[in-house]
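Q: Sequence and predicted structure, then a few things I'm wondering about:
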Amino acid sequence: MGTGGKEHVEPEGLARAAEWLARAERVVVSTGAGMSRESGIPTFRDAMEELWARFDPQELATEAGFRRNPRRVWGWYAGRRRRVMEAEPHPAYFALVELEPLVAEVTVVTQNVDGLHAIAGSHDVVELHGNLRRVKCLDRHHPYSGELPDQDGQAETDPPPCPVCGSPLRPDVVWFGEMLPERAVERAWRRAGECEVLLLVGTSGTVWPAAELPHVARRAGARVIEVNPQPSELTAVADVFLQGAAGEVLPALVRAVAERKRGSE
């Protein structure tokens, strides 16, 4: 099968997936870096290029690296934040929004830090790795909602101080060596254990503990549907694999769900 165009998706698999979603009352959608990439947002590894290629991830995505050189880390994340702010949701994001009135409960659990699910209009989004659009202070984790200087990410710049305690601001994302947000993890795992269908979109299946979610759902009796251009580490867990770009496959899938719902009325 090819990777481009919804005509490459097997009709039988699409029909099965649509039937399961149409019958479900609780659906969890788990999204990974492939979803963001279709909106032109580089993955973490892809972002470490050009000026930043000479640096180790431990220098740019750890608290220790930030404390050693806050100017460097803040500058790199300023560039990533700018890319995120310029990005727009693609059709798969809006398809998930259109799924909400068709299913009683749709929860999006994402590994991505771009905030595009909420911008597209998804109402119930669990962010496992934080959000690049937000910042907080390093020492006390005070949230900061003020304006940030527009930077292109090609220069090292001092992070602004927290207006509450003076600690330097840092991106509100999960760095290497840090724990995932406790409330987000608890909610994601609980929803995965309660859902009837888990829709896995654009993830390699190599990032843990997020890769455990489809296993949690399967153990609880849920169906797992994977949408990906290529098989992943989690394809063996899926009941149906829909090969193709999310921006093409998800709109077709949600249209099929809508048709089934109309036909059952």
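A: Looks like it arrived, so ask away. Residues are numbered from 1 along each chain as shown.
Q: and stretch 24-34, how far out from the chain's middle?
A: 10 Å (C-alpha atoms, centre = their mean, to the nearest Å).
Q: try stretch 21-30
A: With C-alpha atoms, centre = their mean, you get 18 Å for stretch 21-30.
Q: Mind listing what's buried along it?
A: Within stretch 21-30, the residues scored as buried using 16 or more other C-beta atoms under 10 Å are 21-22, 24, 26-30. Glycine gets a C-beta too; all of them are placed from N, C-alpha and C.
Q: which two from those residues end up farthest apart in space?
A: Ala22 and Ser30 (19.6 Å; C-beta to C-beta).
Q: How far does stretch 146-159 stretch from one end to the other?
A: 13 Å (C-alpha to C-alpha, to the nearest Å).
Q: One more: stretch 224-242?
A: Termini of stretch 224-242 sit 11 Å apart (C-alpha to C-alpha).
Q: Identify the residues contacting that stretch?
A: Stretch 224-242 is contacted from outside by 3, 9-10, 13-14, 16-17, 20-21, 34, 197-206, 211, 214-215, 217-218, 223, 243-246, 249-250, 253, using C-beta atoms under 8 Å, 6 or more residues apart in numbering.
Q: ditto for stretch 112-120
A: Residues contacting stretch 112-120 (C-beta under 8 Å, 6+ apart): 31-33, 35-36, 39, 41, 84, 87-89, 93-94, 96-97, 108, 110, 125, 127, 129-133, 173.
Q: Weed out the non-buried ones from those residues.
A: Using 16+ other C-beta under 10 Å, the buried ones in the contacts of stretch 112-120 are 31-33, 35-36, 39, 41, 84, 87, 89, 93-94, 96-97, 108, 110, 125, 127, 129-133, 173.
Q: These in strands, which ones?
A: Among the buried ones among the contacts of stretch 112-120, the members falling in strands (DSSP state E) are 31, 108, 110, 125, 127, 130-133, 173.
Q: What segments of the stretch 51-200 of the chain are helices?
A: 57-60, 63-68, 70-86, 91-99, 116-120, 182-194 (DSSP state H, counting those that start in this stretch).
Q: right, so of those helices, which gets closest to Thr157?
A: Counting by C-beta to C-beta, Thr157 lies closest to helix 70-86 out of the helices of the stretch 51-200 of the chain; the figure is 4.9 Å.
Q: buried ones in the closest one?
A: 70, 72-81, 83-84.
Q: can you list the buried residues of stretch 21-30 in JSON lines and add pLDDT and secondary structure?
A: As requested, the buried residues of stretch 21-30 are exported to JSON lines (pLDDT from 0 to 100; DSSP: H, G, I helix; E, B strand; the rest coil):
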{"residue": "Leu21", "pLDDT": "98", "secondary structure": "helix"}
{"residue": "Ala22", "pLDDT": "97", "secondary structure": "helix"}
{"residue": "Ala24", "pLDDT": "97", "secondary structure": "coil"}
{"residue": "Arg26", "pLDDT": "98", "secondary structure": "strand"}
{"residue": "Val27", "pLDDT": "98", "secondary structure": "strand"}
{"residue": "Val28", "pLDDT": "98", "secondary structure": "strand"}
{"residue": "Val29", "pLDDT": "98", "secondary structure": "strand"}
{"residue": "Ser30", "pLDDT": "98", "secondary structure": "strand"}
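Q: Can you pull the poorly scored residue ranges out of the stretch 101-250 of the chain?
A: 150-155 (pLDDT under 70).
Q: Show the pLDDT at Arg80.
A: At Arg80, the model reports a pLDDT of 87.
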